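J.: Predicted model, plus sequence, below.
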Amino acid sequence: MNTNRASILALLIATAYVPTAVAGESVVIAAKEAAIVVTPRSANLPLIELPALEFDLRAAIRCAGTPASLTLSVADTFTTLGQDAITDKRAANVILTVPAPQLSLAASRSFCLEDDLASADELLVPGLATAHASLRCNNENGVTVHFASASLQVRLRCHRPSAEDQESSSDR
């Protein structure tokens with residue numbers, strides 16, 4: 001099945017199972033690319049363990065009534081902004097620090113290898129995690145809840161010690 005037909009089919013199925021939102025209510029989430037520095041690893045270790053990562057998230061919000069709360073999450077890390085923090089706002093910014101055990105490992109056989117100086121010094125990992133947003137709105141019809149998600153990407157940069165760094169560490 002080609003991509004267009006699959007997309008249309010998915011949209012039809014989604015509209016059949018997902019209640020429609022009140023006109024004028026929505027949430028959209030976006031994230032800046034996260035970047036971290038890693039040290040070279042042995043070639044026999046194809047998985048790259050990542051440290052805790054900071055994700056800079058922005059959610060654009062719109063309620064026909066009053067926004068009640070906005071929850072932003074990545075993996076098991078989340079924060080909820082209450083009504084006071086989002087009333088009269090069109091967007092909210094949050095930085096979530098996700099601990100390493102909540103992140104998947106990145107896999108590469110040609111990035112930042114200690115015995116191969118020709119291995120890549122930069123690696124973009126799209127879809128490493130997913131950010132989710134949940135917006136609750138209060139209006140004359142009751143409470144509505146709106147959801148959004150965005151794929152997160154991380155740029156890994158390899159920090160190779162220079163020849164001077166290696167000499168000075170061996171002199172100690």
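T.: Looks like it came in fine. Small disclaimer: the values here were computed from a predicted structure and weren't measured. Numbering: from 1, shown residues only.
J.: do you know how far G142 is from A64?
T.: Shown here: G142 relative to A64, a distance of 12 Å by C-beta to C-beta, to the nearest Å. Any C-beta I mention is one placed from the backbone N, CA and C, and that applies to glycine too.
J.: Name the spans of the protein whose pLDDT lies under the cut-off.
T.: 1-24, 163-172 (pLDDT under 70).
J.: which residue is nearest the middle of it?
T.: Centroid check for the chain by C-alpha atoms, centre = their mean gives L152 as the closest residue, at 3.3 Å.
J.: shouldn't that one be in contact with L128?
T.: Yes. Using C-beta atoms under 8 Å, L152 is in contact with L128, at 5.9 Å.
J.: Sticking with A85, tell me its helix or strand.
T.: helix 83-86 (DSSP states H and E).
J.: Next secondary structure after that helix?
T.: Later in the chain than helix 83-86, the nearest helix or strand by DSSP H and E is strand 91-98.
J.: Could you point out the helix or strand that follows that next one?
T.: Next along from strand 91-98, by DSSP H and E: strand 106-107.
J.: Within the sheet, what are the partner strands of that following strand, with directions?
T.: Strand 106-107 pairs in its sheet with strand 47-48 (antiparallel), by DSSP bridges.
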